[in-house]
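Novice: coordinates only, no sequence provided:
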C-alpha cells in the first residue's frame, strides 16, 4: 500500500466558515515502511489518532469540509514543521537549538511511537526524509491553507478545528490538581491561535454535550496552531483532543462498546461547531 498525502471530503454546498482537519488519523501504511520498522503492526499504530476521523466525517453534511491525513503519524507527522528534523534519526542533519519535540524523537519524521519505542533499527538517509516531506507534508498543508483561505474569502473569517485524540494516561496530571479527569482538551496556545469569544464557544459546545472539558492542559497545540492561528486576521485555530479510552481499547487499537454512542454525541457537536460564528438573520420590522 502507498500513502496518500490526504483525503478531502467536501460538502455539496459550502455553508460553514469552519474547516475540520485530522492530521494524525492516517492509516495508509506503506508496506516498505512496515518492513523497515522493528515494531509489529499494532505497536506501530500506538501514536495514531485511530478512529478520530470517523467522529468528524459527518462535517460535509453540515456544510463544512474535512481534510484528513492519508499517511500515518509514525511515517510523517503533519503537526510538525517541515524543518523539525531529528539528527538522531536522519543522516546529515546538524544539531541546532534545543527542540523538546525533536529531542524526544517526535520530529516531522518520528524516531519513536508512543512510550518512546523506537521505530527503526538505524538511521534514515536525508533523501528519504525529504521524499516524505515533499510527497506528503507539503501537499497536505497546501490543501489546508487553500481551504482556510477560501473560507475566509467567502465568510470574512474562518475557524480551523484540528481533531486529535489523547491517551488516557496523559490525563493523569489533571487528577493531581484535584479536578475531574478531562475528557476533551481544547487548545488555543493560551489565546495565541484563537479569539477568546470563539474558543469559549467551542468549549461551551463540548460542555453542553456532556463532556468534561479542560483548556490548554496538557495540550495547547503545536505546529498547526502556530501556523494557521491568526485571530487578528480573522483566522482562528482550535485543537481538540478527545480521551481515547472513551471509545476504544487503547492496547488493541479497536473500538470499544461505547464507540457508536460517543460517535452519536459527537455528531451533534460537529453540527454545532459547523455553525460557529454564524449570525441568525433577524426579520426586518414592518415599515
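Specialist: Perfect, I can see it now. From a predicted model like this one, the values you see are computed outputs, not experimental measurements.
Novice: so what's the gap between stretch 132-148 and the chain middle?
Specialist: 14 Å (Cα atoms, centre = their mean, to the nearest Å).
Novice: buried ones in it?
Specialist: 132, 133, 135, 136, 137, 140, 141, 143, 144, 147, 148 (16 or more other Cβ atoms under 10 Å). From N, CA and C alone the C-beta is placed, and that goes for glycine too.
Novice: for those residues, give me CSV that also has distance to residue 43.
Specialist: Converted to CSV, the buried residues of stretch 132-148 look like this (distance: Cβ to Cβ, whole Å):
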residue, distance to residue 43
132, 20
133, 24
135, 25
136, 22
137, 24
140, 25
141, 28
143, 30
144, 29
147, 33
148, 35
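Novice: which of those residues fall within helices?
Specialist: Among these, DSSP state H puts 132, 140, 141, 143, 144, 147, 148 in helices.
Novice: now the two most distant members of those residues.
Specialist: The span of these, defined through Cβ to Cβ, is set by 132 and 148 at 23.4 Å.
Novice: now residue 80, what's its secondary structure?
Specialist: coil (DSSP: H, G, I helix; E, B strand; the rest coil).
Novice: which residues touch it?
Specialist: 101, 106, 107, 108, 222, 223 (Cβ atoms under 8 Å, 6 or more residues apart in numbering).
Novice: and for the fifth one, the neighbour number?
Specialist: The one in question is residue 222. 21 (other Cβ atoms under 10 Å).
Novice: i'd like the first residue to be 43 from this point on
Specialist: Got it, the first residue is 43 from now on, which makes the last one we talked about residue 264.
Novice: I'd guessed it sits against residue 143; true?
Specialist: Yes. Between residue 264 and residue 143 there is a contact at 7.2 Å, judged by Cβ atoms under 8 Å.
Novice: need the ones in helices among the buried residues of stretch 174-190 in CSV with pLDDT and distance to residue 239, can you?
Specialist: Converted to CSV, these look like this (pLDDT from 0 to 100; distance: Cβ to Cβ, whole Å):
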residue, pLDDT, distance to residue 239
174, 97, 38
182, 98, 29
183, 98, 27
185, 98, 28
186, 98, 24
189, 98, 23
190, 98, 19
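Novice: so which of the residues you listed is the closest to residue 61?
Specialist: Within these, the smallest distance to residue 61 is 4.8 Å, found for residue 189 (Cβ to Cβ).
Novice: ok, now how distant is that closest one from residue 200?
Specialist: For residue 189, the distance to residue 200 equals 8 Å [Cβ to Cβ, to the nearest Å].
Novice: any idea how far stretch 104-120 is from the chain center?
Specialist: 7 Å.
Novice: between the two ends of it, how far is it?
Specialist: 25 Å (Cα to Cα, to the nearest Å).
Novice: next one: stretch 154-171
Specialist: End-to-end distance (Cα to Cα), stretch 154-171: 15 Å.
Novice: repeat for stretch 102-109
Specialist: End-to-end distance for stretch 102-109: 11 Å, by Cα to Cα.
Novice: do the same with stretch 297-305
Specialist: Rule used - Cα to Cα; the end-to-end distance of stretch 297-305 is 11 Å.
Novice: what comes up buried for it?
Specialist: So stretch 297-305, judged by 16+ other Cβ under 10 Å, has buried residues 297, 301, 304, 305.
Novice: got it, and stretch 311-322?
Specialist: Per 16+ other Cβ under 10 Å, stretch 311-322 contains these buried residues: 311, 312, 313, 314, 315, 316, 317, 318, 319.
Novice: and it, how far out from the chain middle?
Specialist: With Cα atoms, centre = their mean, you get 19 Å for stretch 311-322.
Novice: assign a three-state SS to residue 241, would you?
Specialist: Quick answer, by three-state DSSP: residue 241 is helix.
Novice: contacts only, for it.
Specialist: Residue 241 touches 228, 230, 233, 257, 278, 280, counting by Cβ under 8 Å, 6+ apart.
Novice: quick revisit: mind putting the buried residues of stretch 297-305 in TSV, secondary structure included?
Specialist: Formatted as TSV, these follow (three-state DSSP):
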residue	secondary structure
297	strand
301	helix
304	helix
305	helix
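Novice: from those residues, which single one is nearest residue 136?
Specialist: residue 297 (43.5 Å).
Novice: done for today, thanks.
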